[in-house]
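Peer 1: dropping the sequence and predicted coords here.
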Amino acid sequence: MWRVILSLVLLAVATLAQASSPDNVLAHGARDGAAPAWAIAVTTPAGWTRDCCTYAQAIGVDAVLYQGEWSGKPQRVMVLNVWPRKLATLDAEVQADRTHFLRADPAARVTGIGVHPRDMPCAATVYEGTDHVDDVVVFCDPGQASGIRLSWSMSFDHDDPSRRALLDAFMQVVVATHYRRYLPASAHAG
């Protein structure tokens, strides 16, 4: 069922992703070892709030997108994480995440789904936890030269009546995500 729902969602947001601007930077990071400074740009769905510097920093992530007021709960919050490449492949990142999740919840249901942003390969997984909270996690690889990998994730209650709308918005963000090298404003001066 997840595959059918997400396939429909991907088709619906493909057109929206084509209209996104790579200049719409949500988060950026400094050079880290061999990884150059990076920027992640994305078009934010209507009604969602972008945050890289207040709540995102407080919970230790690169950016969050949320609707309404910040509740502090993980449900219904899109989370962006960016880190220096350590594992050899995107598949290794996905497998490490699955192993970690299943250690915490061995009876969880895990479903891999396809997602195809234009700019980079990505792999998505849906975790249906025994706690009745579902998680959608998408790992993306902007390429060897970037020196980084990134993920988008979102949790929601299994019986959330807004599930379809949440998935639509989430996949819109994933498909519209762009990587680029980051040049701080001071690098342009002079």
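Peer 2: Thanks, I have it. Since the model is a prediction, treat every value here as computed from it, not as a measurement.

Peer 1: switch to C-alpha atoms for all contacts and neighbour counts from now on
Peer 2: Noted.

Peer 1: gap between residue 73 and residue 184?
Peer 2: Residue 73 sits 32 Å away from residue 184, taking Cα to Cα, to the nearest Å as the criterion.

Peer 1: output the contacting helices and strands for the helix or strand hosting residue 83.
Peer 2: When secondary structure is defined by DSSP states H and E, residue 83 falls within strand 77-84. Here strand 77-84 touches strand 63-67, strand 148-157, going by 3 or more Cα pairs under 8 Å, 6 or more residues apart in numbering; DSSP states H and E.

Peer 1: which residue is the nearest non-sequential neighbour of residue 32?
Peer 2: Distances taken as Cα to Cα, 6 or more residues apart in numbering place residue 84 nearest to residue 32, at 7.2 Å, with adjacent residues excluded.

Peer 1: out of the helices and strands packed on strand 77-84, which gets nearest to residue 88?
Peer 2: For the helices and strands packed on strand 77-84, distance to residue 88 was read as Cα to Cα. The smallest value, 10.9 Å, belongs to strand 148-157.

Peer 1: name the helices or strands packed onto the helix or strand just after the closest one?
Peer 2: For strand 148-157, the following helix or strand on the C-terminal side (DSSP H and E) is helix 163-175. In terms of contacts (3+ Cα pairs under 8 Å, 6+ apart), helix 163-175 is packed against helix 2-18, strand 148-157.

Peer 1: what about the residue positioned nearest the centre of the chain, distance to residue 45?
Peer 2: Centroid-nearest residue in the chain: residue 152, 1.3 Å away (criterion: Cα atoms, centre = their mean). Applying Cα to Cα, one obtains 15 Å for the distance of residue 152 from residue 45.

Peer 1: next up, the contacts around residue 87.
Peer 2: With contact taken as Cα atoms under 8 Å, 6 or more residues apart in numbering, residue 87 is in contact with residue 93.

Peer 1: go again using 6 Å as the cut-off
Peer 2: For residue 87, the set of contacting residues under the criterion of Cα atoms under 6 Å, 6 or more residues apart in numbering is empty.

Peer 1: good, wrapping up.
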